[in-house]
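S.K.: Sequence first, predicted model second:
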Amino acid sequence: MKISYNWLIELTGLDWSVEEVAERLTLSGAACEDIISTAKHLNKVVVGEVLDIKPVEGADKIRLTSVNVGTETLDIICGAPNVATGQKVPVAMVGAKLQGDFEIKKAKIRGVKSYGMICSRSELGISEDHSGIWVLDDSAVVGQSLAEHLDYDDYILDIELTPNQADLMSATGLARNLAAIAGTKIKYPEFDLKETTEKASDQISISIEDPK
């Protein structure tokens, strides 16, 4: 069973690290087999803003962009046809490791130095869309971690449950277990449901054609 660490923390109000949650669950009989970071390929990927675009001498398909990443402005070679000034875009900084352990390094292309990469969704492992760079919405804050902007900074706990542990086969079930360990109570989600006077029988009828 796979469950969100952030969800468990939200339900319990605990301040335990993901490692401690995994260890406590394992010691209580709900063995955590793996901890998977949802932002694994988003480390050192930030929100940038394209300030300027210049042609690269002798090249038709690539251009030199100036991108503000909050702490500095970087020169980045970009070959995407949809790049434009004013866009907010995901920028993989030097040292970032993307899908397939592809590490971003300083590069020199056509004699021009490049210090990072403006990314598409596919390069970040978000989707298979590689038609161009990913243009972010206006709510993105320049210099902000992309994982934070996407609310994607979480861990997935892979819990190995035996058939007799049906009480743990839900988010609230695991949260109750953690709360019991901590000596506290879980915060059940609140629902505001309005009942209707309309009857289901007024909308649909059922007939059994074969009683057997």
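M.R.: Yes, it's here.
S.K.: who touches the helix ranked longest in the chain?
M.R.: Scanning the chain for the longest helix, with DSSP state H as the assignment, gives helix 171-182. Applying CB atoms under 8 Å, 6 or more residues apart in numbering, the contact partners of helix 171-182 are 3-4, 7-8, 11-12, 14, 16, 21, 24-25, 28, 30, 159, 167-168, 185-186, 188. Bear in mind the C-beta positions are built from the backbone N, C-alpha and C, glycine included.
S.K.: Equivalent analysis for stretch 151-158, please.
M.R.: 1-6, 8, 18, 21-22, 25, 32-39, 42, 145-147.
S.K.: SS state for the residue nearest the centre of the chain?
M.R.: When CA atoms, centre = their mean is applied to the chain, the residue found nearest the centroid is Tyr152 (2.8 Å). Following DSSP: H, G, I helix; E, B strand; the rest coil, we place Tyr152 in the coil state.
S.K.: okay, it: pLDDT?
M.R.: Looking at Tyr152, its pLDDT stands at 82.
S.K.: quick one: it from Leu124, how far?
M.R.: Per CB to CB, to the nearest Å, Tyr152 is found 10 Å from Leu124.
S.K.: what is in contact with these two at once?
M.R.: Leu42, Leu146.
S.K.: Helices along this protein, start to end?
M.R.: Here the chain has its helices, by DSSP H, at 5-12, 18-27, 121-124, 146-149, 171-182.
S.K.: got the angle for the last one vs helix 5-12?
M.R.: This means helix 171-182. 70 degrees (axes from the mean of the first three to the mean of the last three CA atoms, to 10 degrees).
S.K.: Now helix 171-182: buried residues?
M.R.: Residues of helix 171-182 classed as buried by neighbour count (16 or more other CB atoms under 10 Å): Ala171, Thr172, Gly173, Leu174, Ala175, Arg176, Asn177, Leu178, Ala179, Ile181.
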